[in-house]
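> model the following, please.
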Amino acid sequence: MSKSAPDREWWSPAALAQSGLPDVPGTRQGVDALAKRLDWRADPTLARRRSGRGGGWEYHWKLLPVRAQAVLLRSSEAREEDRADRGTVWAYFDALAEKSKETARERLRVIQKIEHLAAPMGRHLAVVAVSKDEGVSERTLWNWLSLIEGVDPADWLAYLAPRHRAAKANRATAEADQEFFDRLKADYLRLEAPSFTSCYDRVADLCKTRGWSYLEERTARRWMDRNVPRVTQVLAREGERGLAKCFPPQIRDRSMLTALEAVNADCHKIDVFVAWPGFDKPVRPQIVAFQDLYSNKILSWRVDLDPNKVAVMSAFGELVEKYGIMRHCLFDNGMEFANKWLTGGAKTRFRFKIREDDALGVLPQMGIKIHWAKPAHGQAKPIERGFKDFADRIAKHPAFAGAYVGNTPLAKPENYGSRAIPLDQFLAVLDREIKAHNARPGRATPNAAGRSFDETFAESYATAPIRKATPEQHRLWLMGQEVRKLHKTHGQFHLFDNGYWADWMNEFAGQKVVARFDPEHLHEGLYIYSLAGEYLGFAECRAKTGFFDLVGAQMQGKLDRKRRKAEKEALAAQRPMSVSDLAAELAAQDVPETPLVAAKVVELAPVRHRKPVVERQLPVPDAELDARARVFEAEFGQRSAQRKEAEKPAETASERFWRALGIEQRIEAGDAVTTEEEAFLERMKRLPEYRAQRTAYEKWGAQAIG
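Numbers count the residues shown, from 1 in each chain. Coordinates of the predicted model:
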């Protein structure tokens with residue numbers, strides 16, 4: 001499509017003299033003479049005085065000779081072929097700021113006004129009229145019209161948009177050697193995250209030394225942002241944790257859940273000093289809490305010195321007894337949750353070695369599906385949001401004033417360590433504040449919708465299908481568990497210096513079983529299960545009898561006689577025929593006679609003379625020499641042993657405990673131990689010191705031994 005006007009419509013005499021157009025003089029004086037001779041100033045619409053500095057006249061391109069007009073039109077058509085297609089122009093328009101888009105809309109309004117007036121009075125008069133009415137110069141209006149020449153009116157808006165961004169994009173950029181760019185990226189894109197200025201200064205100094213060209217700092221910074229995406233820069237300077245921040249977190253919809261369908265649990269160290277019984281120094285206790293995923297209500301909790309499986313099992317048991325059995329549990333990979341008491345048999349645990357003879361944990365036996373949150377990823381556990389409230393409303397409670405320690409070592413208050421809260425007072429405030437946490441109205445979660453966690457849970461709990469625990473299941477969550485072999489002859493189970501036995505255990509002597517027990521009441525007995533989780537029976541704790549306790553010995557003897565009598569009666573019931581009757585029946589049977597078979601071929605064996613076993617003469621033993629050798633060996637060996645024993649450093653109480661514990665763990669694992677190690681372990685078990693150490697280790701862990 002041919003354009004009706006060139007890109008430039010108004011020309012000054014000086015510009016015409018330098019244009020090189022055909023039939024146009026090459027000097028300003030020649031152009032003025034041509035204008036005077038052809039009377040170009042007669043039509044005020046084609047000739048006008050120049051505004052601004054210098055003044056003078058300028059003339060419309062239609063006053064030029066015909067050949068000059070043809071050249072201008074051809075140049076305009078050639079440039080039109082280079083015009084961007086409508087898709088590119090609209091994409092450019094869409095990327096503009098709203099202010100630039102509003103400018104394009106204003107230009108379109110003015111152009112549409114010109115087109116409306118051009119029908120009755122012509123385009124030139126319309127431009128003049130609109131210029132006066134809108135306060136826009138005629139030159140500017142003609143430039144706008146040139147932008148949409150030959151363009152569909154539906155696309156005028158995009159073509160009228162300001163082109164400053166395109167000009168900026170096409171602007172020539174400064175150049176530098178590739179060595180400068182390579183070294184700048186190598187220094188800047190690293191995990192130490194140095195400042196850009198320090199990186200630039202180092203690389204610029206190197207370029208000066210090597211004679212390489214380089215950019216100015218501001219230009220180099222723009223080059224870095226333009227050529228290295230922001231996400232790439234974040235990954236290089238902040239690592240994978242920084243990279244994770246560049247992407248929005250996953251939003252998990254919990255609206256399809258019901259109350260108690262799924263729970264999650266975690267541990268939180270409370271930022272308060274507590275005076276713990278038995279400890280000289282104040283401690284920061286840990287809370288283990290279970291939270292309902294539908295309502296965010298805290299269902300149960302326990303407090304202890306550190307996270308441990310006993311506290312987790314106790315909190316889990318309270319949850320099940322009070323509310324029921326959930327269907328899903330979300331844990332992290334902490335050892336207190338991934339322990340075999342709770343999750344044994346789960347194939348996706350992150351902790352402990354998984355063995356074929358592992359006993360099933362409480363959750364698999366109750367049909368609860370276990371889910372493991374991503375390690376070191378707090379967003380995967382909703383209970384972390386509740387712990388944030390704990391850090392504000394509980395740790396900073398007025399009742400704990402002076403005992404608050406700060407949430408980081410750098411955030412210690414000035415009154416740090418000035419007070420420690422008694423344990424009973426701490427637990428009372430904690431219980432009251434957790435209940436207030438659940439009852440606080442105005443919760444903004446989608447499921448709560450302005451209600452409290454208690455109200456949200458109660459509404460769904462009233463209609464949800466809830467599984468209640470049976471008395472048999474009750475034994476599961478309140479009991480710890482140990483997998484050990486029963487005694488190979490009588491089937492007794494030995495645990496923590498206590499013996500547990502019942503008559504039925506003889507049937508399983510030497511087999512591996514699972515003992516479930518209440519860690520706080522070991523003398524109440526054990527519940528014995530098979531490795532597959534089948535309940536076998538109850539075993540009572542056998543009390544030790546004093547060495548000279550006559551009454552105890554008489555009672556034990558009476559019990560033994562009663563057992564022997566019962567077993568003899570049971571054996572008699574199993575043998576209705578005596579062995580003498582069986583022998584008489586066997587003797588009464590006819591004995592078959594075997595006929596004698598005569599040999600038909602007889603071979604005589606040759607006579608052989610046996611040689612003596614020892615042909616040489618044996619030496620006569622010297623009794624005196626042997627006696628002196630035995631005396632020397634005994635005396636020298638005793639002195640050597642005494643010297644080695646004296647040189648050996650004395651073994652501390654804690655070293656003896658860890659040595660005995662290691663032997664005991666190897667025996668439980670089925671590994672081979674020496675006779676000396678077994679004897680050492682038996683001696684240690686008889687010592688009150690070792691029993692006290694073992695009790696402290698089971699209750700508080702390795703920190704109690706040192």
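
> contacts, neighbours, all on C-alpha from now
Will do.

> how close does the closest residue to L522 other than its chain neighbours get to R202?
Of all residues not flanking L522 in the chain, C541 sits nearest, at 8.0 Å (C-alpha to C-alpha, 6 or more residues apart in numbering). Distance of C541 to R202, given as C-alpha to C-alpha, to the nearest Å: 77 Å.

> and Y697, by the same measure?
57 Å.

> do I421 as well
For I421, the distance to R202 - C-alpha to C-alpha - is 56 Å.

> ok, F181 next?
Counting by C-alpha to C-alpha, the gap from F181 to R202 is 12 Å.

> of these two, who's got more company?
It is F181, of F181 and R202, that has more neighbours when counted by other C-alpha atoms under 10 Å, with 16 against 13.

> wait, a helix at that one?
Yes - residue state for F181 (DSSP: H, G, I helix; E, B strand; the rest coil) corresponds to a helix.

> which residues does it contact?
Not one residue lies near F181 by C-alpha atoms under 8 Å, 6 or more residues apart in numbering.

> next, count neighbours for E507.
When neighbours are counted by other C-alpha under 10 Å, E507 comes out with 11.

> pLDDT wise, what is it at?
E507 is assigned 82 on the pLDDT scale.

> mind checking how far the closest residue to it other than its chain neighbours is from S213?
Counting by C-alpha to C-alpha, 6+ apart, E507 lies nearest to G491, which is 7.6 Å off, once chain neighbours are set aside. Using C-alpha to C-alpha, we find G491 at a distance of 87 Å from S213.

> L160 too?
L160 is 40 Å from S213, by C-alpha to C-alpha.

> so between the two, which is more surrounded?
L160 (24 against 14).

> now the more buried one. Nearest residue, chain neighbours left out?
A104 (5.4 Å).

> helix, strand or coil for the one you found?
helix.

> and it, what does it touch?
Contacts of A104 (C-alpha under 8 Å, 6+ apart): 157-158, 160-162.

> got TSV for those residues, with pLDDT and distance to C329 too?
Shown next, in TSV, are those (pLDDT from 0 to 100; distance: C-alpha to C-alpha, whole Å):
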residue	pLDDT	distance to C329
L157	91	59
A158	89	57
L160	91	62
A161	89	59
P162	87	59
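
> strands - which of those land there?
When those are checked against strands using DSSP state E, none is located there.

> how about those in CSV, adding distance to K485?
Listed next are those as CSV, based on distance: C-alpha to C-alpha, whole Å:
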residue, distance to K485
L157, 87
A158, 85
L160, 89
A161, 86
P162, 87
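
> helices - which of those residues land there?
Among the contacts of A104, the ones falling in helices (DSSP state H) are 157-158.

> just the buried residues of the contacts of A104.
157-158, 160-162 (16 or more other C-alpha atoms under 10 Å).

> just those now: which is nearest A193?
Nearest to A193 among the buried ones among the contacts of A104 is P162, at 39.1 Å by C-alpha to C-alpha.

> that closest one and E98 touch, don't they?
No - with contact defined as C-alpha atoms under 8 Å, P162 does not reach E98; the gap is 11.8 Å.

> before we move on, what SS does R241 have?
Per three-state DSSP, R241 ends up helix.

> neighbours around it, how many?
Once other C-alpha under 10 Å is used to define contacts, R241 is seen to have 11 neighbours.

> check the separation of the first and last residues in stretch 494-508.
First residue to last in stretch 494-508 (C-alpha to C-alpha) measures 14 Å.

> may I see the buried residues of that stretch?
For stretch 494-508, by 16+ other C-alpha under 10 Å, it's 499-502, 505-506, 508.

> dump those residues to a markdown table, plus secondary structure and distance to P248.
Converted to a markdown table, the buried residues of stretch 494-508 look like this (DSSP: H, G, I helix; E, B strand; the rest coil; distance: C-alpha to C-alpha, whole Å):
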| residue | secondary structure | distance to P248 |
| --- | --- | --- |
| G499 | strand | 58 |
| Y500 | strand | 57 |
| W501 | strand | 59 |
| A502 | coil | 60 |
| M505 | helix | 59 |
| N506 | helix | 62 |
| F508 | helix | 57 |
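
> and which of those is nearest to Y690?
The closest of the buried residues of stretch 494-508, once distances to Y690 are taken by C-alpha to C-alpha, is G499, at 17.0 Å.

> list the contacts for the closest one?
Contact partners of G499, counting by C-alpha under 8 Å, 6+ apart, are 492-493, 541-543.

> put the buried members of those into a ChimeraX selection.
Here is the ChimeraX command that selects the buried residues among the contacts of G499 (16+ other C-alpha under 10 Å):
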select :492,493,541
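
> in strands only, show me the contacts of G499.
Using DSSP E, these in strands are 493, 541-542.

> tell me the one of these nearest I270?
Checking these one by one against I270 (C-alpha to C-alpha), the nearest turns out to be C541, at 38.1 Å.

> the closest one pairs with what?
Y500 (DSSP bridges).

> and the pLDDT at it?
pLDDT, C541: 84.

> would you agree it is in contact with D497?
No - contact criterion C-alpha under 8 Å: C541 and D497 do not qualify, at 10.5 Å.

> ok so, going back, in contact with the residue nearest to E507: list those residues for me.
501, 505-510 are the contacts of G491 under C-alpha under 8 Å, 6+ apart.

> ditto for F426
V274.

> V320 too?
326, 468-469.

> any idea of the mean pLDDT in whichever strand or helix holds it?
If you go by DSSP states H and E, V320 is part of helix 309-322. If you average the pLDDT over helix 309-322, you get 84.

> do stretch 654-668 as well
Rounded mean pLDDT across stretch 654-668 is 86.

> what does that stretch contact?
By C-alpha under 8 Å, 6+ apart, the list of residues contacting stretch 654-668 reads 484-485, 672-673, 677-678, 680-681, 684, 690, 693, 705-706.

> now with 10 Å?
Residues outside stretch 654-668 that contact it (C-alpha atoms under 10 Å, 6 or more residues apart in numbering) are 482-485, 653, 669-674, 677-678, 680-685, 689-691, 693-694, 702, 705-706.

> type out the ChimeraX command that picks the buried ones from these.
Buried residues within the contacts of stretch 654-668, by 16+ other C-alpha under 10 Å, are selected in ChimeraX with:
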select :482,483,484,485,681,684,685,690,691,693,694
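
> pull out the buried positions in stretch 413-423.
Applying a neighbour-count criterion of 16+ other C-alpha under 10 Å, one finds 416, 419-421 buried in stretch 413-423.

> which other residues reach it?
The contact list for stretch 413-423 (C-alpha under 10 Å, 6+ apart) reads 272-277, 281-285, 399-406, 426-427.

> mind redoing it with 7 Å?
Applying C-alpha atoms under 7 Å, 6 or more residues apart in numbering, the external contacts of stretch 413-423 come out as 273-276, 282, 400, 402-406.

> export those residues to TSV and append columns for neighbour count, secondary structure and pLDDT.
TSV is the format used below for the contacts of stretch 413-423 (neighbours: other C-alpha atoms under 10 Å; DSSP: H, G, I helix; E, B strand; the rest coil; pLDDT from 0 to 100):
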residue	neighbour count	secondary structure	pLDDT
F273	26	coil	94
V274	24	strand	94
A275	21	strand	94
W276	19	coil	91
P282	18	coil	93
F400	20	helix	92
G402	19	coil	91
A403	25	coil	92
Y404	27	strand	93
V405	23	coil	92
G406	17	coil	89
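
> farthest-separated two in the residues you listed?
Across those (C-alpha to C-alpha), the longest gap, 19.1 Å, separates W276 and G406.

> circling back to that earlier point, against Q481, how distant is the residue nearest to E507?
18 Å.

> picking that back up, the contacts of V320 in helices, which ones?
Among the contacts of V320, no member falls in helices (DSSP H).

> make CSV out of those residues and add neighbour count, pLDDT and distance to L363.
Compiled in CSV, the contacts of V320 are given as follows (neighbours: other C-alpha atoms under 10 Å; pLDDT from 0 to 100; distance: C-alpha to C-alpha, whole Å):
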residue, neighbour count, pLDDT, distance to L363
M326, 22, 89, 10
K468, 14, 84, 14
A469, 15, 77, 12
